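Visitor: What shape does this take:
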Amino acid sequence: MQLRTDRVSVVIDGKPVLSSVSMQAEPGRMLVLAGKSGSGKTTLLNVLGLLGRVDAGSVIVGGQDATKWNDARRRRFWRDHVAFVFQDYGLIEESSVEYNVTVGRRGLFGLRQSERERVDEVLSHVLLSNRGKEQTARLSGGEKQRVGLARAMFRGADIVLADEPTASLDRKNRELVINFLKEEARRGATVVVATHDEDLMSAGDDLIQLGEQPNPEPSKSPVTVGSKLADTAS
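Guide: Numbering: from 1, shown residues only. The predicted structure follows:
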C-alpha cells in the first residue's frame with residue numbers, strides 16, 4: 001500500500017516542523033527518515049501513519065486522500081493495515097508476551113489453534129521461543145523490542161512504521177531489528193523507519209535526510225523520494 005504526502009506542513013507550538021514536504025513510500029521497499037533530533041522525522045512518520053494531523057497539504061493512503069479521515073476511519077486503517085514498532089516498545093507490561101503479540105487480534109473465545117501456532121512461529125523467529133506465557137515486564141529492553149517485532153510480524157500488515165527501533169539496543173538486537181524490517185519489505189510491506197542509526201540508514205532502499213538548509217524555499221522545492229537520497233527542509 002503506497003503512502004504519499006503532497007506539500008505537507010506541520011506547525012507545533014508555533015514552530016514549523018515540516019514545510020511543504022512531498023514524498024512517497026512504496027510497497028516492497030524500506031524508506032528511512034533520517035536526521036538529528038528535532039528535524040521532524042518522527043513527525044513525518046506520525047503523519048504517514050495518520051497519528052498526527054497536518055496544517056497544510058495532503059496525505060494519500062493507497063490512492064485515497066486520508067487527510068481529513070475521521071477517528072473511526074483512522075482506527076479501521078490502523079486495525080486493518082498498519083503495524084507500529086515504537087522506541088518505547090508500546091507494550092502492556094503487566095500482560096503476557098503472547099497477549100502483547102496478539103493484542104487487537106484476539107477473538108471472544110481467545111486464540112484459535114492456527115493462531116497459537118502462528119504465535120509460536122513468530123516468537124521463534126525473534127528468538128523468544130517458549131516465552132509466550134512470561135510477563136512482559138520481566139523482559140529486558142532488547143527482548144521487549146523483539147516482542148514488538150513479533151507483534152508486527154503476527155499482524156502481517158501492509159504497512160510497517162518504526163520509530164527509532166534500534167535505539168539503546170546492543171548489536172545483536174540491532175541486527176535482528178534491521179533484518180526484520182528488511183524481511184517485511186521483501187514480503188511486500190511498505191516499511192518506513194525514523195532513525196539516526198547509520199546501519200539502519202544503509203539498509204534502507206530509500207532515504208530522506210531531514211535537516212536545516214540555508215534559506216529554504218519549501219514551496220518551490222518539495223522532496224520527492226525516487227532514489228537512495230533526497231533532502232528536505234525540516
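
Visitor: thought residue 127 was touching residue 147?
Guide: No. Using C-beta atoms under 8 Å, residue 127 makes no contact with residue 147, being 11.1 Å away. Any C-beta I mention is one placed from the backbone N, CA and C, and that applies to glycine too.

Visitor: What is the neighbour count of residue 79?
Guide: By the criterion of other C-beta atoms under 10 Å, residue 79 has 12 neighbours.

Visitor: hmm, I was thinking of residue 114
Guide: 8.

Visitor: per-residue confidence for it?
Guide: Residue 114 carries a pLDDT score of 83 in this model.

Visitor: In terms of helices and strands, where is it?
Guide: helix 113-125 (DSSP states H and E).

Visitor: Quick one: mean pLDDT over the next helix or strand after that helix.
Guide: Using DSSP H and E, the helix or strand that follows helix 113-125 in sequence is helix 141-155. Averaged over helix 141-155, pLDDT sits at 90.

Visitor: Can you classify the residue nearest the centre of the chain by secondary structure?
Guide: With distances taken as C-alpha atoms, centre = their mean, the residue of the chain nearest its centroid is residue 161 (1.2 Å). When classified by DSSP: H, G, I helix; E, B strand; the rest coil, residue 161 comes out as strand.

Visitor: Out of residue 127 and residue 147, name the residue with the larger neighbour count.
Guide: Set residue 127 next to residue 147 and count neighbours by other C-beta under 10 Å: residue 147 wins out with 26 against 14.

Visitor: Test my guess that residue 67 contacts residue 55.
Guide: No. Under the contact definition of C-beta under 8 Å, residue 67 does not touch residue 55, with a separation of 10.8 Å.

Visitor: which of these two has more neighbours?
Guide: Neighbour totals were compared for residue 67 and residue 55, and residue 67 leads with 18 against 12 (other C-beta under 10 Å).

Visitor: and that one, helix, strand or coil?
Guide: Strictly by three-state DSSP, residue 67 counts as coil.

Visitor: cool, residue 179 as well?
Guide: helix.

Visitor: so how many other residues sit close to it?
Guide: Considering only other C-beta under 10 Å, residue 179 is surrounded by 12 other residues.

Visitor: Which per-residue confidence value corresponds to it?
Guide: At residue 179, pLDDT is 93.

Visitor: can you check residue 208 too?
Guide: In this model, residue 208 carries a pLDDT of 94.

Visitor: Now do the strands in this structure.
Guide: Ranges of strands in the chain, per DSSP state E, are 3-12, 15-25, 30-34, 56-61, 64-65, 82-85, 159-163, 190-195, 206-211, 229-233.

Visitor: Which stretch among the ones you listed is buried most, on average?
Guide: Greatest average neighbour count among these goes to strand 190-195 (a mean of 28), per mean count of other C-beta atoms under 10 Å.

Visitor: quick one: average confidence on that one?
Guide: 96.

Visitor: Could you tell me the angle between it and strand 30-34?
Guide: Following axes from the mean of the first three to the mean of the last three C-alpha atoms, to 10 degrees, one obtains 20 degrees for the angle between strand 190-195 and strand 30-34.

Visitor: Strand 190-195 packs against which elements?
Guide: strand 15-25, strand 30-34, helix 41-48, strand 159-163, helix 171-187 (3 or more C-beta pairs under 8 Å, 6 or more residues apart in numbering; DSSP states H and E).
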